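> structure here, sequence nowhere to be found:
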């Protein structure tokens, strides 16, 4: 009987031990800092990256894996007739999923490619459930249907602590950033269906925590919380108190770690990603 192999990319924020536990294959993106190029989470760890980014003259650049990298992996995984389900970060922020789709057209392996419409743990929620179902022998149709359901029931918030990287990346103007910095504004945005959407502004870390906790309690009322994740770029001032309140509310099984350089190069130091999904 053929197996289904699960493939994702390094923006899933999954540690090596989790990838091994669930038998998930991870394809890294690349990060360029000055003249040096690194493989995300292979020869550059998230915490080390923040130090390099702080010292860099220019904003680091990230690149998606080439289709050939995916094809080589797909060829290997499918050589015995096995299938592949490849789940990746939102196409709205990277061409990674398009590289995977191009490779799927080139390989002889039966590959299904999914745009998760998310990043970080909101992506890994889909990946890990798919991997568990694959281990249980579920069909590709059953797994894809469940992944679609998880995506519809996921919420992801992003909060930046400084507007510097958004200015350097051309996402907001310097004038707007100066006003925001003067007022100590912390913009809160959601990532819904792959689109970055501003939803609120807070003037302190505590106000951010209050907003996100109240939203979490409202959205999960009467539902079963299946997963909670905190991905940060040294954003402990917001991440730790929010995590404590979530745990006190009765949900203790949370992911908490540094986010990938691919994400933190856009958000800047001090940022927080908070995500969860429900049934």
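Okay, I see it. Computed from a prediction, not measured in an experiment: that's the story for all the values here.
> need the phi and psi values for residue 137.
The phi and psi values for residue 137, taken as degrees, to the nearest 10, are phi 80, psi 20.
> what about it, how many residues close to it?
10 (other CB atoms under 10 Å). To be clear about C-beta, it is placed using only N, CA and C from the backbone, and glycine gets the same treatment.
> hang on, residue 157 in a strand?
Yes - assessed by DSSP: H, G, I helix; E, B strand; the rest coil, residue 157 belongs to a strand.
> the residue nearest to it when sequence neighbours are not counted: neighbour count?
Distances taken as CB to CB, 6 or more residues apart in numbering place residue 274 nearest to residue 157, at 4.7 Å, with adjacent residues excluded. Other residues near residue 274 come to 30 when the count uses other CB under 10 Å.
> quick one: residue 274 from residue 262, how far?
18 Å (CB to CB, to the nearest Å).
> mind checking pLDDT for residue 166?
As predicted, residue 166 sits at a pLDDT of 47.
> could we number from 656 for the rest of this?
All set: I'll call the first residue 656, so the last point we hit is now residue 821.
> I'd guessed residue 809 sits against residue 932; true?
Yes - counting by CB atoms under 8 Å, residue 932 is a contact partner of residue 809 at 4.2 Å.
> and the two? Which one has more around it.
Using other CB under 10 Å, the more surrounded residue of residue 809 and residue 932 is residue 932, with 26 against 23.
> so which helix or strand takes in the more buried one?
Take DSSP states H and E as the rule and residue 932 turns out to sit in strand 927-933.
> give me the contacts around that strand.
773-777, 780, 805, 808-814, 816, 863, 867, 871, 874-875, 878-887, 890, 893-894, 897, 914, 918, 922 (CB atoms under 8 Å, 6 or more residues apart in numbering).
> return a PyMOL selection command for the buried portion of the residues you listed.
Typed into PyMOL, the line below selects the buried ones among the contacts of strand 927-933, using 16 or more other CB atoms under 10 Å:
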select buried, resi 773+774+775+776+777+780+805+809+810+811+812+813+814+816+863+867+871+875+880+881+882+883+884+885+886+887+890+893+894+897+914+918+922
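> out of the contacts of strand 927-933, which sit inside helices?
Judged by DSSP state H, helices contain the following of these: 775-777, 780, 805, 863, 867, 871, 874, 893-894, 897, 918, 922.
> got any ranges where the stretch 656-805 of the chain has weak pLDDT?
Low-confidence segments of the stretch 656-805 of the chain (pLDDT under 70): 656.
> okay, which residue is most central for the chain?
Relative to the mean C-alpha position of the chain, the nearest C-alpha, by CA atoms, centre = their mean, is the one of residue 775, at 1.6 Å.
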